[in-house]
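Asker: coords please:
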Amino acid sequence: MKRISLFIFICSFILLRPFIIQNGGFWYYGDDQDYFAHSASIVFGQFPSYKKEYLVIDKDYPQGSIGCSLLALPFVGSFSLIDRLSNSNIVQQRTPENIPRSWTQFGFLFAACFYFSLGCFLLYRGALYCVEERYAFLSVVFTVMAQGIPLYAYRRPMFSPYGEFFLQSLCVFIFLKNLNSAKKFPDLTWHYLVLGIISALIFLTRYNNIALALAWSLVFVLMKEHPIKLFNQWKEALLWAFSFLGMVVIFKIWPEAYNQHHPYPWIMHYLVRNISFPDFIHRTGHILFGLDWGLIYTAPYLLLGLFSAFYLKYPAKKYLLGIIATLVVNLYIVFVWGDQGSWHGYRYLIACATPLLVLPVAFLIKHVEQLKGKKLTLVWTLLAIPPALSMVCFEANHSTFNLYLAPVDLGEKDFTNYLYQFHVWGVVLFKPMQFLSFLCMGGVEYFQYLLTHALKDLGLFANSYFRNYTIFDGWTLVKILLIYSIPFSLRWFFKEPANGHLEKNVPHYRSRIISCLLFVLWAYGFIFLLYVINLPCAERIKEPPEAIYNVLNHGLLHQDDYKYLLEMERRGIYPNKTALREFKDYFQLVVDTFPGQSDSYSMLGYCQYYLGHKNEAIKDYTSSCQSNPVFFGNYYNLAVIYFNKGEFLQSAKLIQQALSLPLQSTAQSLLSSNRVYILILEQLPGQFPENIAQYLSEEKQKAMELLRLDMENLNKPASPSNQKILLQLI
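Answerer: Residues are numbered from 1 along each chain as shown. Alright, predicted model coming up:
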């Protein structure tokens with residue numbers, strides 16, 4: 001247990017990025033709002049209505065399934081009490097202004113981290129029923145922690161994969177425990193109610209997992225009863241059906257009927273797709289060997305696990321193979337979708353498959369080491385390096401390790417990165433210092449900042465600068481330490497087995513719970529002490545935290561605020577200077593508080609130009625280019641300013657630089673700007689986000705026209721043009 005706890009902590013220390021928690025929380029555009037809305041509607045007493053929730057895909061009802069939100073519910077509800085006590089307006093209405101940095105949102109992050117950690121403990125503990133501790137440990141580390149699953153806990157918690165992973169881990173643990181226990185689950189009558197709830201959660205977490213949900217229930221019953229005796233279990237079957245159907249009716253059918261929602265109206269386009277044989281071969285090769293998310297790079301132990309599941313002998317093989325066979329549904333989804341799901345790896349398959357393959361991988365390692373010895377441990381480690389590097393580098397910068405909108409397989413278009421693995425190894429081999437900075441973006445950078453900040457207050461460091469941490473926030477420290485404490489709290493609950501026999505040295509559950517609570521109270525007392533110690537540091541900061549909260553929670557611009565600027569741009573006239581001053585003051589506060597925000601510098605430059613401060617506008621647009629050197633709009637507007645000043649050569653250079661940039665990078669930058677560009681893009685003609693491609697195509701045409709005008713004026717220096725061109729809002 002000690003080593004598993006340590007490795008989970010290392011995952012959190014490297015992958016969790018405290019500056020994201022401090023600057024707004026983990027808040028991706030699209031599905032995340034749906035999953036959070038499910039939990040928030042229940043916690044704040046609105047369910048089955050979603051009128052008080054913030055939704056972006058469907059404004060009336062969340063498209064995402066509710067299962068992972070139900071799992072997060074205890075933690076979202078517990079942490080929401082802090083928001084209630086502080087009189088946060090998130091209690092009345094959820095908005096893009098009050099959700100980031102709220103304790104309610106943090107509850108979802110904590111839930112994802114907790115269930116990931118608990119899933120790892122359950123898999124490790126379950127594997128110990130069948131193999132020695134060494135093989136159980138190596139299997140969990142290589143199969144789970146090195147293959148992308150931790151990303152869904154520590155970097156995209158408001159998503160279904162963490163729920164899929166935990167529920168499958170729970171079922172695998174029960175399955176392995178049944179193999180070595182005289183009393184098998186389900187044993188008592190109420191166990192069938194629990195089994196029905198677990199099956200319903202598997203289905204409600206992702207609807208294509210219905211086969212998995214039913215298969216687990218059938219396997220558990222078959223392990224306990226002979227098939228002939230199943231007909232005598234009709235009462236238990238009714239209890240199972242009652243709990244399963246009850247969950248489905250309450251959390252799926254009822255809210256959909258209440259809100260008159262037709263779930264996934266576009267899904268049939270994918271499910272009944274006719275794939276030609278050449279497309280099938282191409283898609284198979286892409287899934288296995290593609291330089292974006294090929295399984296051979298991102299999940300090699302999944303492939304090894306599938307091989308060993310069929311090839312090796314291990315306990316209850318026929319049952320486990322039956323469960324693995326249901327993954328055909330998930331594999332089919334991967335094939336017909338055309339991409340990997342617009343994030344890291346093939347999440348439709350990996351989240352469910354990984355827990356099922358921990359035992360086969362453990363037996364594979366044991367089998368090979370019995371033949372060749374422990375010297376092959378290095379080989380197992382080398383196989384885990386590519387997926388681990390892929391995971392560490394993901395979203396480490398905006399130019400090569402992020403996603404962009406591009407064509408994918410089967411004629412679809414989605415967010416991907418064609419050469420992701422190529423970039424990973426390019427950085428590891430040729431830019432090792434940059435890779436080291438990726439490793440340090442989590443806990444290392446944060447605690448280095450805390451140490452430097454404390455020493456600076458003592459006068460030892462006068463000029464320390466951290467781009468991601470502009471102020472000290474004590475509550476961020478509390479949240480980070482809460483997450484770091486999870487694996488150690490679970491280790492306190494899961495006692496280490498004696499001599500490899502799990503049934504010995506296992507205390508009564510009541511004493512385990514008391515011990516766990518005492519440890520948590522001790523940990524939280526230590527966290528509070530750290531917070532009190534750091535309070536003097538916070539008080540000496542020139543810009544008080546209240547200014548930050550003003551920007552994030554009270555001073556944010558809304559979508560309607562941008563309508564005026566869009567209307568002025570559409571009419572081709574200059575905006576009113578009085579209105580512009582309000583925008584300028586707002587964005588000046590943002591860039592002063594959060595240096596390095598490219599979109600805010602760009603908007604500030606826009607306001608400065610039309611207020612007549614052209615030199616300040618050039619300075620702000622230049623700062624924006626430095627913060628995000630791959631954003632098309634910054635170079636275009638700079639070129640326009642120089643054109644209007646009559647400096648046609650400089651304008652031509654900038655516009656040529658703009659035209660050399662890939663539009664995919666600009667599209668990704670637009671979609672990552674939740675507080676500025678997305679609010680503007682949603683008001684443009686067409687369906688968002690599909691209208692981005694059309695908008696960028698039009699902007700490219702304008703840039704080419706501007707370059708033509710520059711060339712004309714450079715060829716006729718004696719009679720320069722007096723034509724003036726307007727800046728673009730984006």
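Asker: least trustworthy helix or strand in the chain by mean pLDDT?
Answerer: helix 545-549 (a mean of 38; mean pLDDT, DSSP states H and E).
Asker: quick one: low-confidence ranges for the stretch 51-200 of the chain?
Answerer: Counting by pLDDT under 70, not a single residue of the stretch 51-200 of the chain qualifies.
Asker: the helices in it, which residues?
Answerer: Remark: helices assigned in the stretch 51-200 of the chain by DSSP state H, counting those that start in this stretch are 67-85, 103-127, 133-140, 149-154, 161-179, 189-205.
Asker: and those helices: which comes nearest G322?
Answerer: helix 161-179 (11.0 Å; Cβ to Cβ). Glycine gets a C-beta too; all of them are placed from N, C-alpha and C.
Asker: buried sites along the closest one?
Answerer: 161-179 (16 or more other Cβ atoms under 10 Å).
Asker: any chance of JSON lines for the helices of the stretch 51-200 of the chain, columns distance to L566?
Answerer: As requested, the helices of the stretch 51-200 of the chain are exported to JSON lines (distance: least, Cβ to Cβ, whole Å):
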{"stretch": "helix 67-85", "distance to L566": "33"}
{"stretch": "helix 103-127", "distance to L566": "29"}
{"stretch": "helix 133-140", "distance to L566": "52"}
{"stretch": "helix 149-154", "distance to L566": "36"}
{"stretch": "helix 161-179", "distance to L566": "37"}
{"stretch": "helix 189-205", "distance to L566": "39"}
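Asker: between these, which one is nearest to L304?
Answerer: helix 133-140 (10.4 Å).
Asker: name the helix or strand for D585, please.
Answerer: helix 577-593 (DSSP states H and E).
Asker: tell me the phi and psi of Y346?
Answerer: phi -90, psi 80 (degrees, to the nearest 10).
Asker: how far away is it from L320?
Answerer: Using Cβ to Cβ, to the nearest Å, Y346 is found at 21 Å from L320.
Asker: same deal with L55?
Answerer: Distance from L55 to L320, by Cβ to Cβ: 40 Å.
Asker: same thing with Y469?
Answerer: The value you get for Y469 to L320, if Cβ to Cβ is used, is 47 Å.
Asker: swap in R206?
Answerer: Distance from R206 to L320, by Cβ to Cβ: 21 Å.
Asker: these two: who's more crowded?
Answerer: Taking neighbours as other Cβ atoms under 10 Å, R206 and L320 compare with R206 leading, 24 against 20.
Asker: so what's the closest residue to that one other than its chain neighbours up against?
Answerer: Among residues not flanking R206 along the chain, S160 sits closest, at 5.4 Å (Cβ to Cβ, 6 or more residues apart in numbering). For S160, the contacting residues are Y35, G64, S65, G67, C68, T205, R206, A351, by Cβ atoms under 8 Å, 6 or more residues apart in numbering.
Asker: just checking, the first one touches F159?
Answerer: Yes: with contacts defined as Cβ atoms under 8 Å, Y35 counts as touching F159 at a distance of 6.6 Å.
Asker: overlap in contacts, these two.
Answerer: With Cβ under 8 Å, 6+ apart as the test, Y35 and F159 both reach C68.
Asker: hmm, back to that, between the helices of the stretch 51-200 of the chain, which one is nearest to S602?
Answerer: That would be helix 103-127 among the helices of the stretch 51-200 of the chain, by Cβ to Cβ, at 27.1 Å.
Asker: tell me the contacts of the closest residue to Q340 other than its chain neighbours?
Answerer: Of all residues not flanking Q340 in the chain, W293 sits nearest, at 4.4 Å (Cβ to Cβ, 6+ apart). By Cβ under 8 Å, 6+ apart, the contact list for W293 reads Q340, H344, G345, Y346, Y420.
Asker: quick check, pLDDT for W293.
Answerer: Note for W293: predicted pLDDT of 90.
Asker: distance-wise, check it relative to V630.
Answerer: Look at W293 and V630: by Cβ to Cβ, they are 22 Å apart.
Asker: which residue lies nearest the spatial centre of the chain?
Answerer: When Cα atoms, centre = their mean is applied to the chain, the residue found nearest the centroid is R156 (1.7 Å).
Asker: list the contacts of that residue.
Answerer: F26, Y28, D32, W343.
Asker: where does D414 fall, phi/psi-wise?
Answerer: In terms of degrees, to the nearest 10, the main-chain angles of D414 are phi -160, psi -180.
Asker: can you name the residues bridging to it?
Answerer: Assessed by DSSP bridges, D414 has beta-bridge partners A406.
Asker: identify the residues contacting it.
Answerer: G338, D339, S342, L405, A406, V408.
Asker: so among those residues, where is pLDDT lowest?
Answerer: Out of these, that is L405, at 67.
Asker: which pLDDT does the model give V336?
Answerer: Confidence score, pLDDT, at V336: 85.
Asker: check which residues of stretch 386-400 are buried.
Answerer: 386-396, 398, 400.
Asker: next, the distance between the ends of that stretch.
Answerer: Distance between the two ends of stretch 386-400: 17 Å, counting by Cα to Cα, to the nearest Å.
Asker: off-centre distance for that stretch?
Answerer: From the chain centre to the centre of stretch 386-400 is a distance of 13 Å (Cα atoms, centre = their mean, to the nearest Å).
Asker: what is the rounded mean pLDDT of it?
Answerer: 85.
Asker: quick one: contacts of that stretch?
Answerer: 14-15, 146-148, 150-151, 155, 297-301, 344-345, 401-402, 417, 420-421, 423-425, 427-428, 435, 437-439, 441, 628-630, 665, 668-669, 672.
Asker: what's the PyMOL syntax to select whichever of these are buried?
Answerer: This is the PyMOL syntax for the buried subset of these, where burial follows 16+ other Cβ under 10 Å:
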select buried, resi 14+15+146+147+148+150+151+155+297+298+299+300+301+344+345+401+402+417+420+421+423+424+427+428+435+438+441+628+630+665+668+669+672
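Asker: list phi and psi for the residue nearest to Q340.
Answerer: phi -130, psi 30.
Asker: that one and S217, how far apart?
Answerer: 32 Å.
Asker: mind exporting stretch 34-42 as CSV, just the C-alpha atoms?
Answerer: Extracted in CSV, the C-alpha atoms of stretch 34-42 (Å, rounded to 0.1, in the frame of the first residue of the first chain):
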residue,chain,number,x,y,z
ASP,A,34,-23.0,19.5,-18.8
TYR,A,35,-21.5,17.2,-16.1
PHE,A,36,-21.2,20.0,-13.6
ALA,A,37,-24.8,21.1,-14.3
HIS,A,38,-26.1,17.7,-13.4
SER,A,39,-24.4,17.8,-10.0
ALA,A,40,-25.3,21.4,-9.3
SER,A,41,-29.0,21.0,-10.1
ILE,A,42,-29.3,18.3,-7.5
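Asker: name the residues that touch that stretch?
Answerer: 46-50, 52-55, 57, 62-64, 66, 68-70, 72-73, 76-77, 90, 94, 99, 104-105, 107-108, 158-160.
Asker: got the buried residues for the host helix or strand of Y332?
Answerer: Per DSSP H and E, Y332 falls inside helix 328-337. For helix 328-337, the neighbour count (16+ other Cβ under 10 Å) marks V329, N330, I333, V334, F335, V336, W337 as buried.
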